[in-house]
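S.K.: sharing a sequence plus its predicted fold:
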Amino acid sequence: MRVNPNPTATPPPITYLPDVEGALPIIFPGTDCPEGERAFAVHEFECRRYYFCLYGIRYPQTCPFMQKFDFLRGHCVPENDEELRCFNDV
């Protein structure tokens, strides 16, 4: 019988990559920031907030007044934008 030598290995983070050249990956709640790269992380509760991940560390960010973080586009957009996709509204 073979035993898994690393039974506590975690699966890779769940990410979304916007369809824009040079876009950073989007990390969803419940996953860690990637160690070796930059990314954006969706805030757990608030659409105006998000995180900038830099080499495994989350830096809290807030969108400007009357804007929310659109996780499909990877940046803040006006809150009245009809195509706005906030993770917490899904």
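M.R.: Perfect, thanks for sending it.
S.K.: going forward, measure contacts and count neighbours with C-alpha atoms only.
M.R.: Fine.
S.K.: partners of Lys68 in the sheet?
M.R.: Applying DSSP bridges to Lys68 gives these bridge partners: Val77.
S.K.: am I right that it is in contact with Tyr50?
M.R.: No - with contact defined as CA atoms under 8 Å, Lys68 and Tyr50 do not form a contacting pair (9.1 Å).
S.K.: pick out whichever of these two has more residues nearby.
M.R.: Comparing Lys68 with Tyr50 by other CA atoms under 10 Å, the one with more neighbours is Tyr50, at 27 against 24.
S.K.: thinking that one is in contact with Pro64, fair?
M.R.: No - with contacts counted by CA under 8 Å, Tyr50 stays clear of Pro64, the gap being 11.7 Å.
S.K.: could you pull out the strands in the protein for me?
M.R.: 15-16, 26-27, 38-42, 49-54, 57-62, 67-70, 75-78 (DSSP state E).
S.K.: adding distance to Phe87, write these out as JSON lines.
M.R.: JSON lines is the format used below for the strands of the chain (distance: least, CA to CA, whole Å):
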{"stretch": "strand 15-16", "distance to Phe87": "12"}
{"stretch": "strand 26-27", "distance to Phe87": "11"}
{"stretch": "strand 38-42", "distance to Phe87": "7"}
{"stretch": "strand 49-54", "distance to Phe87": "10"}
{"stretch": "strand 57-62", "distance to Phe87": "15"}
{"stretch": "strand 67-70", "distance to Phe87": "8"}
{"stretch": "strand 75-78", "distance to Phe87": "12"}
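S.K.: same list, these, but as CSV with distance to Cys86 and mean pLDDT please.
M.R.: CSV is the format used below for the strands of the chain (distance: least, CA to CA, whole Å; pLDDT from 0 to 100):
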stretch, distance to Cys86, mean pLDDT
strand 15-16, 14, 55
strand 26-27, 12, 88
strand 38-42, 9, 92
strand 49-54, 10, 94
strand 57-62, 14, 95
strand 67-70, 5, 94
strand 75-78, 10, 94
